[in-house]
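please find the sequence and the predicted model below.
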Protein chains: 4
Amino acid sequence: MSREILERFPVQLEVPIAWGEMDSFQHVNNLVYLRWFESARMAYFSQLNYEGVMQETGIGPILRDSRIRYRIPLTYPGNIISATRITRLEEDRFSMEHLVYSLEHEAVAAEGDAVVVCVDYNKNAKAAIPEYYREHILSTEPIKPEIFD
Amino acid sequence: MSREILERFPVQLEVPIAWGEMDSFQHVNNLVYLRWFESARMAYFSQLNYEGVMQETGIGPILRDSRIRYRIPLTYPGNIISATRITRLEEDRFSMEHLVYSLEHEAVAAEGDAVVVCVDYNKNAKAAIPEYYREHILSTEPIKPEIFD
Amino acid sequence: MSREILERFPVQLEVPIAWGEMDSFQHVNNLVYLRWFESARMAYFSQLNYEGVMQETGIGPILRDSRIRYRIPLTYPGNIISATRITRLEEDRFSMEHLVYSLEHEAVAAEGDAVVVCVDYNKNAKAAIPEYYREHILSTEPIKPEIFD
Amino acid sequence: MSREILERFPVQLEVPIAWGEMDSFQHVNNLVYLRWFESARMAYFSQLNYEGVMQETGIGPILRDSRIRYRIPLTYPGNIISATRITRLEEDRFSMEHLVYSLEHEAVAAEGDAVVVCVDYNKNAKAAIPEYYREHILSTEPIKPEIFD
């Protein structure tokens, strides 16, 4: 599994492993991978101008669920790439694929996915994906997301 | 959804929410729920005498994957109960159900599951679930796990 | 060093140690003690109605510095008490003493102090300690803080 | 305060701020700065071959105390440099200076220091600084540490 696997991901962050992220099993703690997922997700949200959209419309993203499959126990020192892409658009939610790629192992250390729901915080109710998100996603994702709506 | 939902869980930990566990969305960060899952899982592993079994046989548990569904955004202050039970035994792995119950909301704040694989660290290979685990699980779980092996 | 040492602290929180808070030296990571300090500090701030005071006056507390002395390496499982008190009032700041008491060791596991500055977020400048804080502190601290102003 | 201030530090790590490291005051949480201190400290320990020395002699470093002065509240996104140097050698301990430099602010965001004690884990007692540490420190620190022994 080489680094080519990253090509389909429009968001990629390189992050150094901190020593203190290892737990008493002497591997990177299982939560840290989720922090890497989150960091990539927030980087994507920034590209979607989620703060500006929130101010204008009151609509913002909220994490509904996530799933992770651990493949390689990681240790300090090392660097990983946290990559994400949007794979599916529904009316009020979208799905993201996540990957953690270890530069030391030259292999995928974990993979997962997440569903993000759009919420209108003024109405406290689910809301349609903002048009700005949708356009940005469709114009920048290397592989077009599936569309269900 | 009342607290009766907890009855089927043999492991239950009450944990106070720390102020510093909220993120800049002013809710408890998504990782913290996974820490609560982990705390209940490790409490269960202690009941399985995983450290003693590891020393004797070289076999120990490793988290293979996990999944979480967020239901209620939580805030400080408050207390949760992190509950877990084993739902399924396979030859070299078992499945756990996780629940985070909010005492303030009197409702399930998150639920999930995880698969734990048994590894023989001497052989660096998967191993059958240690007999001690299996007996303890079958004799203490209020609802018998499904068995596939 | 017995539990009597806690008597002079008006704020005391009991917190369970999480397994995942141990690092690869197999002790509770040094940061976790600071989280316990923070939790006690925020509990004290709540007693000072810091959110209400902030909304009314624009003035809130900010951590300026802190110091910690580690005495006992802790391990999971166990419970600690995080205790804090205010020891000194100056015009625009106050000093806090912190203690982490291990219930397993029946001894102080760490101690420290912190200086908290009051900031007027509207003017982006230091501000005098709000009168409400001062009255609450002076009427509830078992040992009167030193006053410098 | 320009970046020249970093020149005297033999260990410097660049670390990206993670979104999830901000707390509900919408600044990087106070603990995160200590994680950055720790990361630089562990990088220094690696240069001292602390794991090899530990295996050979049973002697390793343990954090005795630390102190931090916060100067600039940080926000995501951004990158910091965590720098450390050893400023003082005593018989069984050494002192470290820590700096967190914000690349966005082009200024010191926090500074602190720490005392690290050498412990003989076989004897469970304090031990003299291993000769290998001492030689490495004296031959690589741009500013010679004070020596007290």
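Cool, got the structure. Residues are numbered from 1 along each chain as shown, chains lettered A, B, ... in the order given.

what does chain A have sitting close to chain D?
Residues of chain A found near chain D (CB under 8 Å from any CB of the partner chain) are A:13, A:15-16, A:18-20, A:35, A:38-39, A:42-43, A:46, A:76-77. Heads up, the C-betas are built off the backbone N, CA and C, glycines and all.

quick one: buried ones out of those?
The neighbour-count test (16 or more other CB atoms under 10 Å in any protein chain shown) marks A:13, A:15, A:16, A:18, A:19, A:20, A:35, A:38, A:39, A:42, A:43, A:76 as buried among the residues of chain A next to chain D.

doesn't residue A:81 make contact with the first one?
It stands for residue A:13. Yes - in this structure, residue A:13 is within contact of residue A:81 by CB atoms under 8 Å, at 6.8 Å.

so which of the buried ones among the residues of chain A next to chain D reach chain B?
A:35, A:38.

before we move on, the earlier item: now, which of the residues of chain A next to chain D sits nearest residue C:104?
The nearest member of those to residue C:104, counting by CB to CB, is residue A:20 at 23.1 Å.

can you tell me which of the buried ones among the residues of chain A next to chain D is nearest residue B:116?
Among these, and counting by CB to CB, the member closest to residue B:116 is residue A:35, at 21.3 Å.

so which elements touch the one helix or strand that closest one maps to?
Using DSSP states H and E, residue A:35 maps to helix A:30-47. Judged by 3 or more CB pairs under 8 Å, 6 or more residues apart in numbering or on different chains; DSSP states H and E, the packing partners of helix A:30-47 are strand A:11-16, strand A:59-70, strand A:79-89, strand A:93-102, strand A:107-120, helix B:30-47.

what does chain A have sitting close to chain C?
Checking chain A against chain C by CB under 8 Å from any CB, the hits are A:19, A:20, A:22, A:23, A:24, A:26, A:29, A:31, A:76.

show the pLDDT at the first one.
In other words, residue A:19. Looking at residue A:19, its pLDDT is 98.

how about the fifth one?
The per-residue pLDDT reported for residue A:24 equals 96.

next, format the helices and strands packed on helix A:30-47 as CSV and append mean pLDDT.
Shown next, in CSV, are the helices and strands packed on helix A:30-47 (pLDDT from 0 to 100):
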stretch, mean pLDDT
strand A:11-16, 98
strand A:59-70, 98
strand A:79-89, 98
strand A:93-102, 98
strand A:107-120, 98
helix B:30-47, 98
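
between these, which gets nearest to residue C:57?
Of the helices and strands packed on helix A:30-47, the one closest to residue C:57 (CB to CB) turns out to be strand A:59-70, at 29.4 Å.

from the chain's centre, how far out does that closest one sit?
Chain-centre distance of strand A:59-70: 8 Å, with CA atoms, centre = their mean, to the nearest Å.

which elements pack onto that strand?
Partner elements for strand A:59-70 (3+ CB pairs under 8 Å, 6+ apart): helix A:30-47, helix A:50-57, strand A:93-102, strand A:107-120, strand B:59-70.

using a markdown table, lay out these together with distance to residue B:130.
Converted to a markdown table, the helices and strands packed on strand A:59-70 look like this (distance: least, CB to CB, whole Å):
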| stretch | distance to residue B:130 |
| --- | --- |
| helix A:30-47 | 21 |
| helix A:50-57 | 47 |
| strand A:93-102 | 30 |
| strand A:107-120 | 26 |
| strand B:59-70 | 5 |
